[in-house]
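Student: Have a look at this prediction, sequence included:
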Amino acid sequence: MKTKSAFQHVKDFATAPLRMLLLPDELSHRLGLTSLEDERLLAVRPWITGSLLDVGAGTNRLVREYGSGVGVDVYDFGGHALLVPDTKHLPFQDGSFDTVTFVASLNHIPERRDALAESRRVLRDGGRVVITMIDPIVSAIGHRIWWYSEDKHRGGMRPGEVYGLWPSTVRTLLKDAAFELVAEKRFLYGLNRLYVGRKSSRQHRTTSVARLSGPDERR
């Protein structure tokens, strides 16, 4: 993903309600707008280094565009991601990757605690886990409006899936999986958040967090 031009920023801002409520990603692209998927990938891409594992890869776009790594998913979205029965047992050796991403997917993984622990296992020391997530209220409203959302393509929400996660929940999940939270940032007009955790060889080491998001609101 390339960075946005100033003109693109203006155009995207002017059409924000359409992009966020009515237009599927494909139609946004046709109209020359930045899709919601584009926004997430633009936020995630600067944090990716080395070999990448994308969990909940969907169409596998992130891996294809990045060019080094593998995407896994439990559902076939047609992007040639590696299909796995679940994400709590990944078919990779310890320390296989430098970055693991969960782009708008962690809330759709019922075994999310195990999935994060497994992502730590397959990361090298110093590797990163990168997560994007919206909160449950924004997600619940959106999924009732987004007629094109992925969960509708696969028959709706499954047991254990939730409509987004609160920031405090994501932070707790990262802490429980022994990740150091090293960065947190709001994007997409404050409606979405990015979290970056680091795998340290010392599981309980504390570190300062680069809070790029301003004061926390929940909590």
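Tutor: Perfect, I can see it now. Numbers count the residues shown, from 1 in each chain.
Student: Residue 44 in helix, strand or coil?
Tutor: What DSSP: H, G, I helix; E, B strand; the rest coil gives for residue 44 is helix.
Student: and the residue nearest in space to the middle of the chain, how far is that from residue 76?
Tutor: Residue closest to the average C-alpha location in the chain (C-alpha atoms, centre = their mean): residue 103, at 1.7 Å. Going from residue 103 to residue 76 by C-beta to C-beta, to the nearest Å gives 17 Å. (C-beta placed from N, C-alpha, C; glycine too.)
Student: can you pull out the helices in this structure?
Tutor: With helices called from DSSP state H, the chain shows them at 6-14, 16-21, 25-30, 36-44, 61-66, 112-122, 136-145, 150-153, 167-176.
Student: Could you list the residues in contact with the longest one?
Tutor: Think helix 112-122. For helix 112-122, contacts defined as C-beta atoms under 8 Å, 6 or more residues apart in numbering pick out 53, 55, 87-90, 92-97, 100, 102, 106, 109, 129, 173-174, 176-179, 199.
Student: same thing with the fifth one?
Tutor: By C-beta under 8 Å, 6+ apart, the residues outside helix 61-66 that reach it are 1, 37, 41, 44-45, 48, 52, 54, 57, 69-71, 79, 81, 101, 103.
Student: ChimeraX command for the buried members of those?
Tutor: In ChimeraX, a selection of the buried entries from the contacts of helix 61-66 looks like this (16 or more other C-beta atoms under 10 Å):
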select :1,37,41,44,45,48,52,54,57,69,70,71,81,101,103
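Student: So what are the sheet partners of the longest strand seen in the chain and their directions?
Tutor: For the chain, the longest strand by residue count, based on DSSP state E, is strand 123-133. If you go by DSSP bridges, strand 123-133 pairs up with strand 97-103 (parallel), strand 192-199 (antiparallel).
Student: Point out the most buried one among those strands.
Tutor: Of all the strands paired with strand 123-133, strand 97-103 carries the top mean neighbour count, a mean of 25, counting by mean count of other C-beta atoms under 10 Å.
Student: and that one, how far from the chain's centre?
Tutor: The chain centroid and the centroid of strand 97-103 are separated by 9 Å, computed with C-alpha atoms, centre = their mean, to the nearest Å.
Student: try stretch 50-69
Tutor: Relative to the centre of its chain, stretch 50-69 is centred 11 Å away, using C-alpha atoms, centre = their mean.
Student: now swap in stretch 47-62 and tell me
Tutor: 9 Å.
Student: Low-confidence ranges, this protein, go.
Tutor: Across the chain, the ranges flagged by pLDDT under 70 are 1-2, 143, 145-157, 202-219.
Student: any idea which residue of it is furthest from its center?
Tutor: Residue farthest from the centre of the chain, counting by C-alpha atoms, centre = their mean, is residue 7 at 26.3 Å.
Student: Check the gap between it and residue 33 for me.
Tutor: 12 Å.
Student: cool, and residue 122?
Tutor: From residue 122 across to residue 33, the span is 35 Å (C-beta to C-beta).
Student: repeat for residue 74
Tutor: Per C-beta to C-beta, residue 74 is found 30 Å from residue 33.
Student: Kindly report the same for residue 174.
Tutor: Distance of residue 174 to residue 33, given as C-beta to C-beta: 32 Å.
Student: What of residue 15?
Tutor: Applying C-beta to C-beta, the value for residue 15 to residue 33 is 6 Å.
Student: Just want to know which of these two has more residues nearby.
Tutor: The residue with more neighbours, out of residue 15 and residue 33, is residue 33; 20 against 17, by other C-beta atoms under 10 Å.
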